[in-house]
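Trainee: from the sequence below, what's the structure:
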Amino acid sequence: MRVGIEVGGTFTDLVAIEDGRVKVAKVPSVPARPDEGAMASLVAGEIDLRSVADLVHGSTVATNAILERKGAPVALLTTRGFRDVLFLQRHNRTQIYDLFYRKPEPVLARRDILEIDERMSGQGEVVEALDKAVTGAKIAEFLGAGQYQSVAICLINAYAEPKHERQLAALVAAQFPDLTITCSADVTREFREYERTSTTTLAAYVQPVIDSYLRRFETELGEQNFAGRFSIMQSNGGRLPVAGMSRNAITSLFSGPAAGVMGAVRQAGLSGYGDLITLDMGGTSTDVCLVADGKPNLSGETEVDGLPIRTPVLDIVTVGAGGGSICWRDDGGMLRVGPESAGADPGPACYGRGGEQPAITDAHMVRGTIRAEAFLGGAMDVDGSASSRVFKELAEIFDVSLEEMADNAVRVADANIVGAMQLVSTERGRDPRDYVLVPFGGAGPLHAARVAEELGITTILVPPNAGVLSAYGLLASDFLQYETLTRRIPLGEGAAELVRTLFDDLQQRATTSFRDLGVDGELNYTYSLDMRFIGQAFEITVDIEAEALRELDADGLLALFNEAHNRVFAFGESGLHRAEIVSFRLGASAAPDVVPALNEGIGDEATRGQTRIFDQGEWQDCLLASRAAVKDQAEGMAGPVLVEDGTSTIFIPRDWVGEVDDQDNILIRNLGKD
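Mentor: Predicted coordinates for the structure are as follows:
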């Protein structure tokens, strides 16, 4: 048996697959102790851990530790003269019209930073050597009070030569062996001191929290005689054995959203679709990602609470438009949805746990697009009257009927999602009409068709068990790591050969790391360069095919860069002197020994019925069907139809038709467009 457990903001999802049989479970998350929700999902799924060979886990523990400022007390050791990097930050304002704007607060204070007398050049040459005796005494005095659990070490230009960081780490470990030590060279070997220092500090801040959480979880698993392989999902779309998290826990920040994307890629790929826009709408937020030719876009940097983190992550855009997102009236009298969410506790009003504000799930209850008796396949009791009660006040404020108020809230949520999808498509130089929309999560398939209409998308693919697809994505993901390195190389004679040499070094480093973690089997590699025109402040990513790397010359590198630059900015230049390489990124992956198929629906009983829904300002008679009933309809099922699928509800509106393909995906096509 192979089991994936994904802890979300509202629900914890489980998918277990054994001999082609799919078992799913969905239980409320426990935000204060996410491992309790994970263990509860095992109980709900009736999983005997003795029979589990592969368990993959994704959670929001690292993200929540930063957002809630509940990480470990952390100290930072940095080069003399760079104590204030985390406070100076960048000279930009993310909210330019806010007169009271303040820069994001770092997770430590200035008193938690110790300056070290040392200096490396940008070429990795020693400018000022590290005096171990003097430095050891300073460290002993600074850390001696015992107020810290973790130490971050980030020295200027250590990306070029980490020797002094290694020496510092040895000095700290010798005197304070119980402290967690994080060096920037182990987290990111890329330049830009603010981003690198922020990343290293945050990695040190969450590392003890992740270590404690995983130890506790492993103990609970061991008490139930689990003896299989335990892996953790990362933000980059791949997993690592749990031992890998002890080196760099910051890579697990957005494991849930990344798992959903990988599950969508796998399931849509079985039906022959590689150009996708994924739409993951859960209880707290909505995540969207563009996938081209079966490969999700990868970004070299992300942010949490305004603080930059330099680590490869899937290029996912998140908006506050989940099932628990609060519907409210702003100071200008406009209807807003999110970003505040009712989350898992108390949740939407219909959950009956004390929620008193109208949420999107409540709006669907009022509209009839979610039926109380079918929520989570009937496994969870919800109260439709509570949804009507909390929307009544909002409806009176806007002087509309209850149904119109709920419908308007859903349409505002749809608009928020459309904006997020434009960020990953049109603003990246991609036309969304060229892609298939893949919705999942509990609410994604409910909103997909209306979002697709706004963007001109004509095909929607809804995977089986869409409400728990992120948990399946954990099992469908490869083992994956990235090695990065900053080296500025102008495009000229000899540049291509140097590129190959540096990639060979990174490949050797990645291979050794994987073998140390016990990952065997054939490794596959991806290669990309961050490049720019000389004089530009920031770079774009240029992917290089493995087959082309060995034959590529400087002209070929320039052509690839111009193509990528033109796609993003609509212009490119020629001339080798105008462009340069800044950073290298190598991905190393190994496929799991078995990738189970998600090719069964929740149930096989074909049921039909009738209901009424309020959609786009009017009541409509709507067919009610199970997924099996759609599958039985050879010519497809024309909307309006609500397909109740156990973990999610799929809405097929008028002018759309749905059919089930050979992989149990529901394909929904717009009848009015080619």
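Trainee: drop to CA atoms for contacts and neighbour counts, all remaining ones
Mentor: Fine.
Trainee: confidence score at the residue lying closest to Arg310 once chain neighbours are set aside?
Mentor: Among residues not flanking Arg310 along the chain, Glu301 sits closest, at 4.5 Å (C-alpha to C-alpha, 6 or more residues apart in numbering). On the pLDDT scale, Glu301 is placed at 88.
Trainee: same check on Val22?
Mentor: For Val22, pLDDT reads 89.
Trainee: ok, now the one 5 residues further on?
Mentor: Val27 is assigned a pLDDT of 88 by the prediction.
Trainee: quick check: beta-bridge partners of it?
Mentor: Using DSSP bridges, the beta-bridge partners of Val27 come out as Thr12.
Trainee: correct me, but it touches Asp13?
Mentor: Yes - taking C-alpha atoms under 8 Å as the definition, Val27 is a contact partner of Asp13 at 6.7 Å.
Trainee: quick one, which of those two is more surrounded?
Mentor: Asp13 (31 against 23; other C-alpha atoms under 10 Å).
Trainee: OK, contacts around that one?
Mentor: For Asp13, the contact set (C-alpha atoms under 8 Å, 6 or more residues apart in numbering) comprises Ile5, Glu6, Val7, Val24, Ala25, Lys26, Val27, Ser41, Val468, Ser470, Ala471.
Trainee: next one: it from Leu42, what distance?
Mentor: Counting by C-alpha to C-alpha, to the nearest Å, the gap from Asp13 to Leu42 is 10 Å.
Trainee: what residues are shared contacts of those two?
Mentor: Counting by C-alpha under 8 Å, 6+ apart, the residues touching both Asp13 and Leu42 are Ala25.
Trainee: just give the number of residues close to Leu502.
Mentor: Residues contacting Leu502 under the criterion other C-alpha under 10 Å number 15.
Trainee: for the host helix or strand of it, which positions count as buried?
Mentor: Taking DSSP states H and E as the criterion, Leu502 maps to helix 495-516. Within helix 495-516, the residues that count as buried by 16 or more other C-alpha atoms under 10 Å are Ala495, Ala496, Glu497, Val499, Phe503, Leu506, Gln507, Ala510, Thr511, Phe514.
Trainee: and the angle from the helix or strand that it is followed by to helix 495-516?
Mentor: Per DSSP H and E, helix 495-516 leads on to strand 524-533 as the next helix or strand towards the C-terminus. Calculated by axes from the mean of the first three to the mean of the last three C-alpha atoms, to 10 degrees, strand 524-533 forms an angle of 140 degrees with helix 495-516.
Trainee: just name whatever secondary elements strand 524-533 is in contact with.
Mentor: strand 540-544, helix 546-549, strand 579-590 (3 or more C-alpha pairs under 8 Å, 6 or more residues apart in numbering; DSSP states H and E).
Trainee: try it again with 7 Å
Mentor: Applying 3 or more C-alpha pairs under 7 Å, 6 or more residues apart in numbering; DSSP states H and E, we find strand 524-533 packed against strand 540-544, strand 579-590.
Trainee: can you tell me which of those strands is most buried?
Mentor: strand 579-590 (a mean of 23; mean count of other C-alpha atoms under 10 Å).
Trainee: helix, strand or coil for the residue nearest to Thr647 when sequence neighbours are not counted?
Mentor: Nearest residue to Thr647, sequence neighbours excluded (C-alpha to C-alpha, 6+ apart): Gly467, at 4.6 Å. Secondary structure state of Gly467, per DSSP: H, G, I helix; E, B strand; the rest coil, is helix.
Trainee: show the contacting residues for Gly467.
Mentor: Phe440, Gly441, Gly442, Thr647, Ser648 (C-alpha atoms under 7 Å, 6 or more residues apart in numbering).
Trainee: tell me which helix or strand Pro208 sits in.
Mentor: helix 193-223.
Trainee: for that helix, packing partners?
Mentor: Looks like helix 193-223 contacts helix 61-67, strand 74-79, helix 85-88, strand 150-154, strand 180-183, helix 184-187, strand 307-309 (3+ C-alpha pairs under 7 Å, 6+ apart).
Trainee: report the mean confidence score over that helix.
Mentor: pLDDT averaged over helix 193-223 gives 94.
Trainee: skipping adjacent residues, who's closest to Pro592 in space?
Mentor: Closest to Pro592 by C-alpha to C-alpha, 6+ apart is Asp478, at 5.9 Å.
Trainee: quick one: the one you found and Gly587, what's the gap?
Mentor: Going from Asp478 to Gly587 by C-alpha to C-alpha gives 11 Å.
Trainee: hey, what's in contact with both of these two?
Mentor: By C-alpha under 7 Å, 6+ apart, no residue touches both Asp478 and Gly587.
Trainee: count the residues that sit near Tyr213.
Mentor: Each residue near Tyr213 was counted by other C-alpha under 10 Å, and the total is 17.
Trainee: please enumerate the helices of the stretch 551-674 of the chain.
Mentor: 554-569, 627-632 (DSSP state H, counting those that start in this stretch).
Trainee: how many residues are close by Arg80?
Mentor: 14.
Trainee: for stretch 153-166, buried residues please.
Mentor: So for stretch 153-166, counting by 16+ other C-alpha under 10 Å, buried means Ile153, Cys154, Leu155, Ile156, Asn157, Ala158, Tyr159, Ala160, Glu161, Pro162, His164, Glu165.
Trainee: Leu667 is nearest to which of the helices of the stretch 551-674 of the chain?
Mentor: helix 627-632 (10.3 Å; C-alpha to C-alpha).
Trainee: show me what the mean pLDDT comes to for the closest one.
Mentor: Mean predicted lDDT for helix 627-632 stands at 90.
Trainee: summarise which helices and strands that helix is packed against.
Mentor: Counting by 3+ C-alpha pairs under 7 Å, 6+ apart, helix 627-632 packs on strand 656-660.
Trainee: where does the prediction get shaky in the stretch 251-400 of the chain?
Mentor: 344 (pLDDT under 70).
Trainee: mind listing the strands for it?
Mentor: 276-281, 286-292, 295-296, 298-299, 302-304, 307-309, 313-314, 316-319, 325-329, 335-341 (DSSP state E, counting those that start in this stretch).
Trainee: so how far is Arg550 from Gly494?
Mentor: 13 Å.
Trainee: repeat that for Ile370.
Mentor: 55 Å.
Trainee: neighbour count: those two, which is higher?
Mentor: Counted by other C-alpha under 10 Å, Ile370 and Arg550 do not tie: Ile370 has more neighbours, with 24 against 12.
Trainee: can you tell me, leaving aside adjacent residues, what's nearest to the more buried one?
Mentor: His364 (5.3 Å).
Trainee: in this structure the one you found contacts Arg371, no?
Mentor: No - counting by C-alpha atoms under 7 Å, His364 stays clear of Arg371, with 8.3 Å between them.
Trainee: so which of these two has more stuff around it?
Mentor: His364 (25 against 22).
Trainee: could you measure the more buried one against Phe503, distance?
Mentor: Counting by C-alpha to C-alpha, the gap from His364 to Phe503 is 52 Å.
Trainee: contacts for the helix holding Leu502?
Mentor: Helix 495-516 is contacted by residues Glu483, Ile489, Leu552, Asp553, Ala554, Leu586, Ala588 when judged by C-alpha under 7 Å, 6+ apart.
Trainee: swap the cut-off to 6 Å and go again
Mentor: Residues from elsewhere that reach helix 495-516 (C-alpha atoms under 6 Å, 6 or more residues apart in numbering): Asp553, Ala554.
Trainee: ok, stretch 421-433 next?
Mentor: Contacts of stretch 421-433 (C-alpha under 6 Å, 6+ apart): Gly456, Ile457, Arg567, Val568.
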